[in-house]
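Undergrad: Based on what follows, work out the 3D shape:
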Amino acid sequence: MRWFSNLKIGTKLISAFILVALISVLVGYVGISKIQSIDTSYSELIEHNLKPLGDISSAAVLFQRSRAHLRDIFIDTTPKDMEAHIALVHQLDKEMDNDGYFPKELARTKSLGYSMFITEAFFQIATLAEKTDIDIWNVVTPSGKSLRKGIEAMAPYFLNEKQWTGKQIEPFSFTGSIPIIYMASMKYNHPEYLKAIEKLKKKDSETNWKQLVLGFIE
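TA: Numbering: from 1, shown residues only. Here you go, the predicted structure:
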């Protein structure tokens, strides 16, 4: 270090300032990188963990409302009560848009899953209503909304004709929706839905087999 000792004081000061500046730049770079990393993690936390809590709450409310409707369908027997149950389907006027989608569900972080969930809820009501001779399957609201329009809006996606462009923070499988897809194929004469079901079953079997093999290897 004798060479450094022989340097002039001005040169030493300049060198020290340059060294401090380089250290400051390095510390600043590391700090900004960490801040960006924290910001990304925080955004993911909000998007993947906190926002879905609101969706889960809404789904729970919808589920309890469906259970209440199903209970009332079996308890009530008068023609006036039956008309009131059919009028429930007219909620589609508020929930569904003119294309058969549910705007409130499209705004969620798992829009595809919740769109199928609300469709399934209406299908369950229609299925049980049959036991009391109430036909909800073919009810059309004054603005043209219906269960048929709702499932046909979703058909291009489980038929794999189109890709879902709404927000969906995790993969969604239509395998769990096979029962309502089957009901729709029977109620609305869509034999192509049955082909989609076969593909979904085959894909699900392949996925389970791969998971089994990978699990055994690991």
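Undergrad: Output stretch 168-179 in CSV with nothing but the alpha carbons.
TA: Extracted in CSV, the C-alpha atoms of stretch 168-179 (Å, rounded to 0.1, in the frame of the first residue of the first chain):
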residue,chain,number,x,y,z
GLN,A,168,-58.0,-16.7,-13.8
ILE,A,169,-55.1,-16.7,-11.4
GLU,A,170,-54.9,-20.5,-11.3
PRO,A,171,-55.7,-23.3,-13.8
PHE,A,172,-59.3,-24.4,-14.0
SER,A,173,-60.4,-27.9,-15.0
PHE,A,174,-63.9,-28.5,-16.4
THR,A,175,-63.7,-32.1,-15.1
GLY,A,176,-65.6,-31.0,-12.0
SER,A,177,-68.3,-29.5,-14.2
ILE,A,178,-69.0,-32.8,-16.1
PRO,A,179,-72.4,-33.3,-14.3
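Undergrad: What residues of it count as buried?
TA: Buried positions in stretch 168-179, judged by neighbour count with 16 or more other C-beta atoms under 10 Å: Q168, I169, F172, F174, S177, I178. Backbone N, C-alpha and C define where each C-beta goes, glycine included.
Undergrad: can you count the residues close to L194?
TA: 13 (other C-beta atoms under 10 Å).
Undergrad: list the contacts for it?
TA: Each residue near L194 by C-beta atoms under 8 Å, 6 or more residues apart in numbering is listed here: Y182, S185.
Undergrad: how close does it get to L147?
TA: Applying C-beta to C-beta, to the nearest Å, the value for L194 to L147 is 18 Å.
Undergrad: Same check on D99?
TA: Going from D99 to L147 by C-beta to C-beta gives 15 Å.
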